[in-house]
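Participant: please find the sequence and the predicted model below.
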Number of protein chains: 2
Amino acid sequence: MKVLQVELDQGRGYPIYIGSGLLAQPELLTRHIRSKQVVVVTNETIAPLYLSALQATLSAYQLETVVLPDGEQYKTLQYLEKIFDHLLAKKFSRNSTLIALGGGVIGDMGGFAAACYQRGIAFVQIPTTLLAQVDSSVGGKTGVNHPLGKNMIGAFYQPQCVIADADVLDTLDDRQLSAGLAEVIKYGLIRDPEFLQWLEANMPLLIARDKAALAYAIERSCANKAAVVGEDEFESGVRATLNLGHTFGHAIETGSGYGHYLHGEAVAIGTCFAADLSRRLGWLNDKDVERIVALFKAARLPVTPPADMTPEQYVDLMAVDKKNVDGKIRVILLKQVGKASLPVNVDLDPLQATLKGYVG
Amino acid sequence: MKVLQVELDQGRGYPIYIGSGLLAQPELLTRHIRSKQVVVVTNETIAPLYLSALQATLSAYQLETVVLPDGEQYKTLQYLEKIFDHLLAKKFSRNSTLIALGGGVIGDMGGFAAACYQRGIAFVQIPTTLLAQVDSSVGGKTGVNHPLGKNMIGAFYQPQCVIADADVLDTLDDRQLSAGLAEVIKYGLIRDPEFLQWLEANMPLLIARDKAALAYAIERSCANKAAVVGEDEFESGVRATLNLGHTFGHAIETGSGYGHYLHGEAVAIGTCFAADLSRRLGWLNDKDVERIVALFKAARLPVTPPADMTPEQYVDLMAVDKKNVDGKIRVILLKQVGKASLPVNVDLDPLQATLKGYVG
C-alpha cells in the first residue's frame, strides 16, 4: 500500500491510501471515524458489489445506507435532498460520518451532502471508478449539476481520507475504465510530460487492465493531483489547470443531456478541442495535436464532438463556466505538450474557428 | 457611525457598520464589491421599501434582483434553487457579488446561495430587521430549513461586510421589533449581566423605538456576537451558548409549522423553557426565572408555549438539534443570570418535567 498525503492548511490535510485489498482492512477506515453514527451513500450499481463488505466492516456503528440511482443525470439538488431526508429521519447528529462509496457522481454528491448537513459533518471517500480514484475523490471539490451548467452548486470540502482500492476496478466496465484514463492523460498533458511518454508506451497494458500498470497510473495521477491541490486549494491559480478540456467537456455534457456522455468521454473530446485551439494560437503544432488525439484514441476514448451541437450552443454553455470573470469566457489551453496555460480569455474568432473546424 | 470588526483567521474578518443613514452612503457598500456583476436577493416586503435606493446606488454595475416571498416557510432548498436559476440564466460568474437585503430568512438564504454558487461568491449583508442586525447577519451561519428540522442544511460562510442601518427599523412592525429584542435579551442572559440590567431599565424606551436606545442595543449586541464568533467561528465551544433557548425554540418553529411564530418569538418561549429547566437543575432560583420571564413580557414577547404541542413532540424534534452528539439531546442552560452553560446532555426526567410543567 502507498500513502500519499494531501498537504493543506489548518489540519485539513489527509491521506490517500492506494493499493490492493484495502477494503478488507477495516482499520484503514475506522481510524478516521470518530462517531457512532455512520451513513454510506452509494448507488444501485455499486451497492450489490461492495456494500455488504462495508456493512460487515462497520457492524459496530449505527449504520445507515442511502442508495441512489446510477448516473450523472441524478447529480441534482433533488437527489441531494434525499440524503438529507434520510439523515434527518434517522436523527443523525453533526458528529456523524458520511462515506461516499462510488464513482465521481457519488463522491461529489456525498461530499456536498456532508458539507451542508448541519453545516458540515465528517466525510470519507471510497472511490470505485478509475476516474474517481485519480481525480474527483481528491481535492475537496463537491457539488451537484444545474440544468444550465455542470457542478454549478457546491462547496470546497475535504474528506478525512481517500481509500483507492485498485481491486474494485475489476468490476468496472471498459467504457468506465477508458473514461478514467482521460483524466490520467490530463496530468501528463498539463504538468508531467515524462508520465505522458510512459502513458503512450503503456496504454495497451492499461487497456488490458494490467494491475501493476494501473497501480502506477493511479499513484502518479494522485501525486500530481495532491501537489496541485496542496499548492492552490481554492483554485485562485494553478488548480484551474486541472480543468484542461473541461470547459468544452462540461458544455458537451450539459448540451447533450447529463448521462449521455461519461464525464471522462466529454473531457477527452474537450481536450482535443483545447489542443486544436492551442494550435490556432500558435502554441502547439499539427504534430502535437495529432499526438494528443492519438493517445485518447489508444485509450478507446471518443475524440469526435457530438454531431448535433452548434458553435452557438457551445458558446452559450461555456459562458457560465466557473473560470469566467465578469461574463468573459476563459479556458485552459496547452502552452506546449506537458505544460498547461493558466485561464486565458479567448476571443470569439479563434474559438469559433475551433468550434466550427475541429472534427476529430 | 460605529465600525465593529469581526476578527477571524485567514483574512476572513470583516466590518459591521452601525448607524443612521448608512444606505445613503454608497461607498460603504461599493468598497466591498470587486466585481461587475451584482445580484440583490430580497423579499416582497422589503423590495418596495429599499430596493430602488439600492439600485440607484449600484447603477454602475450589471445588477440583477431576486425577490422571494416573505416568511420562514420559504427558507427551503426549493426557493434557494430559484436564486441559482436566476444567476445561471444571467450567466453570473464566480467573481460576482450577492447582496442579501432583508431579515434573517433572506440573510440565511442569500448567504447560503453565495456559499454554494460556483462553490462560493462574495456576499454582503444588509439586514433590515432588528433580529438580523443584532444576530443573524453577523457570524457567517447560513442555511435553509428542512421539514424535519430548522437550519439543518447550510454552511459557515462569512460576508465581506454587514451594513446595519438603524433607519430601516422605522418601517419594521411592532411584532418584528419585539422578535429582535429576544436575541438582544439573549446576550444579556448568556454573557453580559450589566447589559441585562440596562435592558431591564430601558425596555420601555426600546419598545417606544427611541433611536439612541436602539442604536446602543444594536451596537452592544453586535459587540457581544462579534466577540463570541471571533473566539469560536465554527462552534466547537463557546459559540454554542448563542443557542440559548434555540433548541426549544426550533422545536416550536418546526412543530407549529414554519412561519407561524417569528424566530424571535419562538426563542423567547424557548428561553423561558431553558430558564425553567435551569431552575430544576438547581442553577437558577424562582426569582431568577420570574425576572427572565418578566423581561420578555416587557418586550411584548410571548412566554407561553403553544397549547397543542406534546412533550413527546418536543423530544422528537429536539433529537435532531445540531448540538446533539450521537443522538443525545444537548441544550444550553443558564448557570446563573448572565452566564450560560456549555451544551449539557439533559436527562429525560427533568426535561419532561419542564415540558409538562412550564406553562408561561
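Facilitator: Yes, it's here.
Participant: pretty sure A:Leu181 is in a helix, no?
Facilitator: Yes. According to DSSP: H, G, I helix; E, B strand; the rest coil, A:Leu181 belongs to a helix.
Participant: burial count for the residue nearest to it when sequence neighbours are not counted?
Facilitator: Counting by CB to CB, 6 or more residues apart in numbering or on different chains, A:Ala299 is the residue found nearest to A:Leu181 once chain neighbours are left out, at 4.1 Å. For glycine as for every other residue, the C-beta is placed from the backbone atoms N, C-alpha and C. A:Ala299 has 22 neighbours, counted by other CB atoms under 10 Å in any protein chain shown.
Participant: and the stretch 251-360 of chain A, which residues reach chain B?
Facilitator: Selection of the stretch 251-360 of chain A residues close to chain B by CB under 8 Å from any CB of the partner chain yields A:Ala319, A:Val320, A:Lys322, A:Lys323, A:Asn324, A:Val325, A:Asp326, A:Gly327.
Participant: the first one contacts B:Lys90, doesn't it?
Facilitator: Same thing as A:Ala319. No. Shown here, A:Ala319 and B:Lys90 do not form a contact pair, counting by CB atoms under 8 Å, at 10.2 Å.
Participant: residue ranges for the helices of chain A, please.
Facilitator: Applying DSSP state H to chain A gives helices spanning A:26-30, A:52-57, A:77-89, A:104-116, A:130-131, A:174-191, A:193-207, A:211-231, A:246-255, A:263-280, A:286-298, A:311-318, A:348-357.
Participant: with mean neighbour count and mean pLDDT added, can I get those helices in TSV?
Facilitator: Below are the helices of chain A laid out as TSV (neighbours: other CB atoms under 10 Å in any protein chain shown; pLDDT from 0 to 100):
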stretch	mean neighbour count	mean pLDDT
helix A:26-30	16	94
helix A:52-57	14	93
helix A:77-89	18	97
helix A:104-116	28	98
helix A:130-131	28	98
helix A:174-191	24	98
helix A:193-207	16	98
helix A:211-231	20	96
helix A:246-255	25	96
helix A:263-280	27	97
helix A:286-298	17	98
helix A:311-318	18	94
helix A:348-357	16	92
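Participant: and the stretch 101-250 of chain A, which residues reach chain B?
Facilitator: A:115-120, A:141, A:143, A:146, A:148-149, A:152-156, A:234.
Participant: which among the residues you listed end up buried?
Facilitator: For those, a neighbour count by 16 or more other CB atoms under 10 Å in any protein chain shown gives the buried set as A:115-120, A:141, A:143, A:146, A:148-149, A:152-156.
Participant: and B:Val41, which of the helices of chain A is closest to it?
Facilitator: Of all those, it is helix A:77-89 that lies closest to B:Val41, at 17.2 Å by CB to CB.
Participant: ok, A:Leu196 touching A:Val337?
Facilitator: Yes. In this structure A:Leu196 lies within contact range of A:Val337 using CB under 8 Å: 6.9 Å.
Participant: where do the contact lists of the two overlap?
Facilitator: Common neighbours of A:Leu196 and A:Val337, using CB atoms under 8 Å, 6 or more residues apart in numbering or on different chains, are A:Leu189.
Participant: show me what contacts the nearest residue to A:Asp165 once chain neighbours are set aside?
Facilitator: Distances taken as CB to CB, 6+ apart place A:Leu22 nearest to A:Asp165, at 3.9 Å, with adjacent residues excluded. Contact partners of A:Leu22, counting by CB under 8 Å, 6+ apart, are A:Met1, A:Leu28, A:Ile163, A:Ala164, A:Asp165, A:Asp167.
Participant: tell me the buried residues within the residues you listed.
Facilitator: A:Leu28, A:Ile163, A:Ala164, A:Asp165.
Participant: mind putting these into JSON lines with distance to B:Tyr358?
Facilitator: Formatted as JSON lines, those follow (distance: CB to CB, whole Å):
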{"residue": "A:Leu28", "distance to B:Tyr358": "49"}
{"residue": "A:Ile163", "distance to B:Tyr358": "49"}
{"residue": "A:Ala164", "distance to B:Tyr358": "54"}
{"residue": "A:Asp165", "distance to B:Tyr358": "54"}
